[in-house]
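Enquirer: Build the 3D model from these lines:
(one chain, ligands or ions: 1)
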Amino acid sequence: MAAKLSPMMERYHEVKGENPGAILLFRMGDFYELFYQDAQNAARILGLTLTSRDKNSDNPVPMAGFPYHQLDNYLQKLIQNGFRAAICDQVEDPKTAKGLVRREVTRVITPGTLTDDQLLDPRESNFIACVAPSKTSIGLAWLELSTGRFLVSDIEPALLQDELARIRPAECLVPEDSTGDGDLPVARKDLGGPVLTGRPGYCFSKDESRRRLHEHFGTKTLEGFDVDENSPAVTAAGALLEYINDTQKSALGHITRLESYRRNRHMIIDEATRRSLELTHTMRDGRREQSLLGVIDETSTPMGARLLADWLSSPLTDAQQISERHDAVEEMVQDLSLRDDLRELLKGMYDLQRLTSRVATGRCSPRDLSCLAQTLEQLPRVKAKLASRKAKRLQTLEQRIDLCPDVRQAISDVLVDEPPVTAADGGVVRPGYNATLDELRDLAKGGKQWIASYQAKESERTGIPSLKIGFNKVFGYYLEVTAVHLSKVPDDYIRKQTLKNQERYITPELKEYEDKVLRAEDQSKALEQEIFSKLKEGVAEHVARLLLTAETLAEIDVFVGLGTLAAAAGYCRPEVTEDPVLDIREGRHPVLDRLMSAGEFVPNDVRLGVDGAHSLKPETQNPKPASPDAAGRVQIITGPNMAGKSTYIRQAALLTVMAQMGSFVPAAAAKIGIADRVFARVGASDELGKGQSTFMVEMTETARILNSASNRSLVILDEIGRGTSTYDGISLAWSITENLHDEIQCRTMFATHYHELTDLTATLKHASNWHVAVQENNDDVIFLHRVIEGAAGRSYGIHVAKLAGVPRSVTERAAKILDMLETQNVNEDGKPKVPQRESSRQRQKQLSLFTFPEDPLLDEIRNLNFDDMTPKQALDELHRMRQELADR
Ligand SMILES: Nc1ncnc2c1ncn2[C@@H]1O[C@H](COP(=O)(O)OP(=O)(O)OP(=O)(O)O)[C@@H](O)[C@H]1O
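Expert: Numbers count the residues shown, from 1 in each chain. As a prediction, this is how the structure comes out:
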């Protein structure tokens, strides 16, 4: 039979049962302790020593622990490893507790509900999402608890993965029965997705969700937030709010509104495209640096950095809105002192969004409030700098800044200039603010002085020079006499404790003063806590104003950052148009351009869908195309390996994204037709973890493009069809290009090694050939990285193999094989054999595109002379041929 548990372990089991799925950190004295499986997990993940409780019993309990002040450190590691942690604290003072100290869970921390600065990356948002499937669509809600941003959207099930890739939540709530490999297309954490947390079915009740949201926002309807009350998104939002209430156990006053996210107001970028364009994280190591976001981020505050990431992840599609952003950036570019002064001011600000949220949840420290006041102090100068600006958006932002002078004054009236991190030890409230507090402080200080003089007096009276006054929690103040002087101890000393080499005494006089001092100290600390709590509550009433101002500062920061970037890196303002064109002069790849030394990156023009009427005025580097077709909407780009094909097509997509997010672009001039979607099928991504072959992934992504691109989309394709046999590959690439050209009619850039595809331009009216130039020097090839009109002559693959160190014997043999293959597959005029383009009807019938080496049997059939044969002979011949085929 199991041994009876101690009352404390009984409480442990109770709390553990109330928090299933979370690692329980159980406060015992100065330590957080973990037991059973939690201890074993923690020992492995946190490197704690595994010991055991009740070592001598039959069932020793595994146990591990760490000092309470290291909580943040260990929490971070647990959360990074995908765990949830319930923190069970002692909620009454052990000194005054009768019996077992009461312990309660004060907070459950999960990857998506982090709010502590130490646990968060200041420049990245940390969202928690919730998915509520319905018969027709999927309701999606996502919230950043550290800032209070709360958004909802209804989406088609097929788009869920793309949306989650955009939001990148750290945690995603799903109905309990769909956490496995089930029906919801949410990638698991081990496959790069969020941590999935299953919630019971009743959390997803539509009516209950609506009621919860009404109650939280204090509204009767959600229509005011532009949210349809009956949409599944409302169910998701309600379930999400329920989870937050459940885990946080604190006020949520900073969640002041619901935002309705409308996909059709933003450029749609699917997960694969987002990944391969490396918009916010690199493919190789998932880091922010060296992604597009990493190189364009010149913001000065974490609020700005997070908003910039948001803009980059959801570029706009409305020309007016985009232009308003460009106007603001332009003003920053043109006015050096405006952007430099604002930059200086912003650098002196703290993260007002996260500070305000901590105020709302009641978790702010005295130092937080002081940082908040310091930030508010800068506001008048920011507002003054933005006064009477030309750009409409800057004017709006200027008006939106709420200086909150009352809040700032309230904080600085109460707090000392540099308050400590916690209010518990006092020293928070400014002298002169509260007369009672001042008195108590005086008394506490005076008491200390009295003790010093009492020590001197007693030392003299007793003739014990080493007589000392000490303090401990058990005995309070005492007089300490070393063994050699014991004979001099006067009669009025009362012995309290005997140690090895000294004795400790108290006197009535000392006791009386001790009581006074301690009481005064305790009272002053309690009063300080009270004053501080009142201040927090007072500031919390202004959360909505503070958050709006924080959002405004974030946007100003983004404009200053984009202006600084554009001025420093020589970007131009793109002209944005509804026409489906892409006309970029001397464009540069934004990431390579910033990473390479000045002048090293070779600029290139991109001309898609450009005819005479659309063309930019100033002619730059490249000659004007010979015919309108030469600048058609489909570009086939050939050139050697390593020449810069991928760089060139990615550059076109990245510049489009940048322009639509409101940024200037790295080019001499650019006219960018608004794209509703950008698709990038670039390079083979490793999806083996999802159980798909490289070719399957490539085709799945291609299918998605062909099924969802519109004539306003921009499609960039890199070496489609590479993962299969050459003929299959070419055939697919060929017909995919035809489809994009004829049916979808969107702007397309296709980089390929299949030179056969350059002949597509003979039949596709709006397609043109471009290639990356190289300079041949005897046996040497120099990559010029310059894209010019026309098809490439050769692919130089063998040359690249040589550069990569493939043995000479292999490359020489390869050169011979290449020679042989090339002579087999050319027409009399030396051009590769390619099929003639046929009408749509003919195309249905067509089976083969290329001239394969003919089977000798075909010749035999052609030469059969049926006139000289009997039916039996003809049949025999047919049998023979069939046998020959079977024998092969
Ligand atoms: N315009 C440019 N200016 C300077 N360097 C460039 C330019 N374009 C590309 N490069 C350099 O060449 C390298 C190869 O470029 P990229 O990957 O685009 O070649 P590619 O033609 O697509 O090659 P492959 O066919 O082998 O995939 C880049 O990593 C970069 O260092």
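
Enquirer: the strands in the stretch 351-500 of the chain, which residues?
Expert: For the stretch 351-500 of the chain, the strands defined by DSSP state E, counting those that start in this stretch occupy 468-472, 476-482, 494-498.

Enquirer: Give me the contact list for the first one.
Expert: Among residues not part of strand 468-472, those counted as contacts by C-beta atoms under 8 Å, 6 or more residues apart in numbering are 451-452, 454-455, 477-480, 504, 510. Heads up, the C-betas are built off the backbone N, CA and C, glycines and all.

Enquirer: at 6 Å what do you get?
Expert: Strand 468-472 has contacts (C-beta atoms under 6 Å, 6 or more residues apart in numbering) with 451, 455, 477-480.

Enquirer: L403 - nearest residue in space that isn't next to it in sequence?
Expert: Closest residue to L403 apart from its sequence neighbours, by C-beta to C-beta, 6 or more residues apart in numbering: L379 at 4.8 Å.

Enquirer: Now render the strands of the stretch 351-500 of the chain as JSON lines, adding mean neighbour count and distance to the ligand.
Expert: Converted to JSON lines, those look like this (neighbours: other C-beta atoms under 10 Å; distance: least, C-beta to the nearest ligand atom, whole Å):
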{"stretch": "strand 468-472", "mean neighbour count": "13", "distance to the ligand": "68"}
{"stretch": "strand 476-482", "mean neighbour count": "20", "distance to the ligand": "73"}
{"stretch": "strand 494-498", "mean neighbour count": "13", "distance to the ligand": "76"}
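
Enquirer: possible to save these as TSV with distance to L34 and mean pLDDT?
Expert: Formatted as TSV, the strands of the stretch 351-500 of the chain follow (distance: least, C-beta to C-beta, whole Å; pLDDT from 0 to 100):
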stretch	distance to L34	mean pLDDT
strand 468-472	31	88
strand 476-482	36	91
strand 494-498	36	90
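
Enquirer: Turn those strands into JSON lines, including distance to A236.
Expert: Shown next, in JSON lines, are these (distance: least, C-beta to C-beta, whole Å):
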{"stretch": "strand 468-472", "distance to A236": "56"}
{"stretch": "strand 476-482", "distance to A236": "58"}
{"stretch": "strand 494-498", "distance to A236": "64"}
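
Enquirer: Those: which one's closest to V295?
Expert: strand 468-472 (58.3 Å; C-beta to C-beta).

Enquirer: quick one: that closest one to strand 476-482, angle?
Expert: Interaxial angle, strand 468-472 versus strand 476-482 (axes from the mean of the first three to the mean of the last three C-alpha atoms, to 10 degrees): 140 degrees.

Enquirer: Let me see the confidence value for the closest residue to the ligand within the stretch 601-750 of the chain.
Expert: Residue nearest to the ligand within the stretch 601-750 of the chain: G644 (2.7 Å; C-beta to the nearest ligand atom). As predicted, G644 sits at a pLDDT of 90.

Enquirer: and it, backbone torsions?
Expert: Backbone torsions for G644, taken as degrees, to the nearest 10, come to phi 120, psi 20.

Enquirer: How about T507?
Expert: Dihedral angles for T507 - degrees, to the nearest 10 - are phi -130, psi 160.

Enquirer: Just give me the neighbour total for it.
Expert: 17 (other C-beta atoms under 10 Å).

Enquirer: ditto for E10
Expert: 12.

Enquirer: In contact with G790: list those residues for me.
Expert: Residues near G790 by C-beta under 6 Å, 6+ apart: 769, 771.

Enquirer: Tell me the pLDDT of it.
Expert: pLDDT, G790: 82.

Enquirer: Which positions in the stretch 701-850 of the chain make contact with the ligand?
Expert: Within the stretch 701-850 of the chain, the positions adjacent to the ligand are H785 by C-beta under 6 Å from any ligand atom.

Enquirer: May I have the phi/psi pair for the residue in the stretch 701-850 of the chain that the ligand sits nearest to?
Expert: Residue of the stretch 701-850 of the chain nearest the ligand, by C-beta to the nearest ligand atom: H785 (3.4 Å). Main-chain dihedrals, H785, degrees, to the nearest 10: phi 60, psi 20.

Enquirer: who's in contact with it?
Expert: Going by C-beta under 6 Å, 6+ apart, H785 touches 602, 644.

Enquirer: repeat that with 7 Å
Expert: H785 makes contacts with 602, 643-644, 772, as judged by C-beta atoms under 7 Å, 6 or more residues apart in numbering.

Enquirer: per-residue confidence for the residue nearest to I268 when sequence neighbours are not counted?
Expert: With sequence-adjacent residues excluded and distances taken as C-beta to C-beta, 6+ apart, I268 is closest to R677, at 4.4 Å. pLDDT recorded at R677 is 95.

Enquirer: Tell me, how many residues neighbour R677?
Expert: Per other C-beta under 10 Å, the neighbour tally for R677 reads 20.

Enquirer: Compute the mean per-residue pLDDT across the longest helix along the chain, please.
Expert: Criterion DSSP state H: the longest helix present in the chain is helix 508-540. Helix 508-540 comes out with an average pLDDT of 90.

Enquirer: Show me what counts as buried in it.
Expert: Under the neighbour-count criterion of 16 or more other C-beta atoms under 10 Å, helix 508-540 has 510, 513-514, 517, 520-521, 523-525, 527-529, 531-532, 535-536, 539-540 buried.

Enquirer: which other helices and strands contact it?
Expert: Applying 3 or more C-beta pairs under 7 Å, 6 or more residues apart in numbering; DSSP states H and E, one finds that helix 508-540 contacts helix 352-360, helix 366-386, helix 405-414, helix 435-462, strand 476-482.

Enquirer: Please identify the most buried of the ones you listed.
Expert: Most buried of the helices and strands packed on helix 508-540 by mean neighbour count (mean count of other C-beta atoms under 10 Å) is helix 352-360; its value is a mean of 26.

Enquirer: Next one: the residue lying closest to R430 once chain neighbours are set aside from the ligand, what distance?
Expert: Distances taken as C-beta to C-beta, 6+ apart place V416 nearest to R430, at 5.0 Å, with adjacent residues excluded. Applying C-beta to the nearest ligand atom, to the nearest Å, the value for V416 to the ligand is 55 Å.

Enquirer: cool, E503 as well?
Expert: In terms of C-beta to the nearest ligand atom, E503 sits 80 Å off from the ligand.

Enquirer: how close does the nearest residue to that residue once chain neighbours are set aside sit to T498?
Expert: Excluding its sequence neighbours, the residue lying closest to E503 (C-beta to C-beta, 6+ apart) is V481, at 5.4 Å. The gap separating V481 from T498 is 11 Å, by C-beta to C-beta, to the nearest Å.

Enquirer: Report the helix or strand with the lowest average pLDDT across the chain.
Expert: Lowest by mean pLDDT, DSSP states H and E among the helices and strands of the chain is helix 840-845, with a mean of 40.

Enquirer: I'd say I109 and Y74 touch.
Expert: No: in this structure, I109 is not within contact of Y74 by C-beta atoms under 7 Å, at 11.0 Å.

Enquirer: related to what we said a few turns ago, and the pLDDT for the residue of the stretch 701-850 of the chain closest to the ligand?
Expert: Note for H785: predicted pLDDT of 87.

Enquirer: ok, now how distant is it from L397?
Expert: For H785 relative to L397 (C-beta to C-beta), the value is 41 Å.

Enquirer: go on, E330?
Expert: Distance of E330 to L397, computed by C-beta to C-beta: 15 Å.

Enquirer: Next: E812.
Expert: Taking C-beta to C-beta as the measure, E812 falls 66 Å from L397.
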